[in-house]
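# heads up, no residue letters with this:
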Ligand code: ADP
């Protein structure tokens with residue numbers, strides 16, 4: 001019976017538990033044996049009790065649990081060949097040759113690298129006498145399937161990543177709370193939200209909360225934006241608005257790639273508009289708590305698809321990543337999606353902001 005490993009890696013995101021649950025149960029339903037690999041790549045490198053066989057009831061109730069119950073970590077060892085060698089040994093010792101990784105672009109890059117090196121890693125382990133050739137029989141290919149767990153919605157080729165709508169929901173709730181107090185005192189609030197390289201959360205929160213102004217990394221404001229922002233807010237105030245909300249993504253920059261700080265935006269509002277202005281940094285509440293309905297559904301449908309992808313893989317196939325496009329679950333080549341995502345980030349560094357928007361926006365092309 002085929003043994004399938006599932007791990008969560010990189011930054012945690014609401015919905016990751018739903019993904020693990022779906023993979024575990026779909027694997028069992030298909031006659032396979034699922035294994036959870038605890039603490040991401042750290043567990044893979046350490047092995048032992050970090051790799052645990054999962055049963056149907058082990059994931060009971062996981063849909064409504066926040067964070068990731070099998071743990072996640074950033075693992076420097078897995079970036080080294082010896083770390084991946086240890087990981088390969090631990091998988092072979094457990095008879096696992098398929099790995100479903102739920103994480104961000106870093107985790108998925110690591111997974112694909114592991115797949116590419118797999119035959120060489122096995123040969124080296126056999127040569128060193130750490131495993132036998134017989135143990136590798138039928139496991140000469142490593143099957144990798146990616147699922148994107150990220151609150152930032154920062155992967156090209158998919159409309160939504162697991163966790164992004166939960167985080168957006170949390171931001172909206174927080175801004176609603178801020179709204180009431182802002183209205184009462186007729187104040188302005190600068191709200192800092194997560195998104196170091198990707199402005200999706202800030203942009204969508206702006207739309208969903210009716211913010212006055214939004215700063216995102218992909219589309220820095222033109223020079224003199226201070227006046228533009230103030231004119232817009234003045235107009236809103238003249239129309240009778242008693243509250244002002246400006247949303248700043250963590251990675252917001254100006255056209256010279258200088259960080260736009262919430263404190264600076266606050267100073268501008270205080271000085272130019274004489275508004276009583278406060279800053280709220282939402283921080284980790286954006287990651288915590290239970291997944292929203294959409295993320296539970298997405299994690300479940302994609303977990304099912306991930307197991308299907310493992311079972312339909314042919315020798316020599318590229319690793320796929322599971323997507324959702326126009327409400328349909330699908331697959332695209334994992335490394336193409338990762339590379340296009342990273343190309344978008346590179347565009348920003350080169351001040352090609354239109355290029356960044358295009359790569360973010362564009363439907364994934366194989
Ligand atoms: P995310 O998956 O959220 O993008 P990271 O970029 O921190 O987060 O990656 C998570 C982990 O994936 C890293 O700590 C490392 O163990 C592994 N990883 C990332 N990139 C690579 C790589 N190029 N080679 C091997 N492992 C990698």
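Looks like it came in fine. Computed from a prediction, not measured in an experiment: that's the story for all the values here.
# make sure residue 272 is actually in contact with residue 226.
Yes: counting by C-beta atoms under 8 Å, residue 226 is a contact partner of residue 272 at 6.8 Å. C-beta: built from backbone N, CA, C; applies to glycine.
# contact residues of the stretch 51-200 of the chain facing the ligand?
74, 75, 78, 79, 103, 104, 105, 106, 107, 109, 110, 113 (C-beta under 6 Å from any ligand atom).
# and the residues you listed, which of them are buried?
Neighbour-count burial (16 or more other C-beta atoms under 10 Å) is assigned, among those, to 75, 78, 103, 104, 105, 107, 109, 110, 113.
# how about the residue nearest to the fourth one when sequence neighbours are not counted, what does it touch?
The one in question is residue 104. Among residues not flanking residue 104 along the chain, residue 10 sits closest, at 4.2 Å (C-beta to C-beta, 6 or more residues apart in numbering). Neighbour list for residue 10: 40, 72, 74, 103, 104, 106, 107, 149, 150 [criterion: C-beta atoms under 8 Å, 6 or more residues apart in numbering].
# in TSV, list the residues you listed along with distance to residue 93, pLDDT and secondary structure.
Shown next, in TSV, are these (distance: C-beta to C-beta, whole Å; pLDDT from 0 to 100; DSSP: H, G, I helix; E, B strand; the rest coil):
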residue	distance to residue 93	pLDDT	secondary structure
40	19	98	helix
72	23	97	coil
74	24	95	coil
103	23	97	strand
104	28	95	coil
106	26	94	helix
107	22	97	helix
149	27	97	strand
150	31	96	coil
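# okay, strands next: where are they in the stretch 151-300 of the chain?
188-193, 213-215, 244-249, 277-281 (DSSP state E, counting those that start in this stretch).
# got a markdown table for those strands, with mean neighbour count, distance to residue 97 and mean pLDDT too?
Shown next, in a markdown table, are these (neighbours: other C-beta atoms under 10 Å; distance: least, C-beta to C-beta, whole Å; pLDDT from 0 to 100):
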| stretch | mean neighbour count | distance to residue 97 | mean pLDDT |
| --- | --- | --- | --- |
| strand 188-193 | 25 | 40 | 98 |
| strand 213-215 | 24 | 46 | 98 |
| strand 244-249 | 26 | 40 | 98 |
| strand 277-281 | 17 | 44 | 98 |
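# want to throw these into a markdown table with distance to residue 175?
Formatted as a markdown table, the strands of the stretch 151-300 of the chain follow (distance: least, C-beta to C-beta, whole Å):
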| stretch | distance to residue 175 |
| --- | --- |
| strand 188-193 | 6 |
| strand 213-215 | 12 |
| strand 244-249 | 6 |
| strand 277-281 | 9 |
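# and residue 288, what pLDDT?
With respect to pLDDT, residue 288 scores 88.
# now residue 355
For residue 355, the pLDDT comes out at 86.
# next, count neighbours for it.
Residues near residue 355, counting by other C-beta atoms under 10 Å, number 16.
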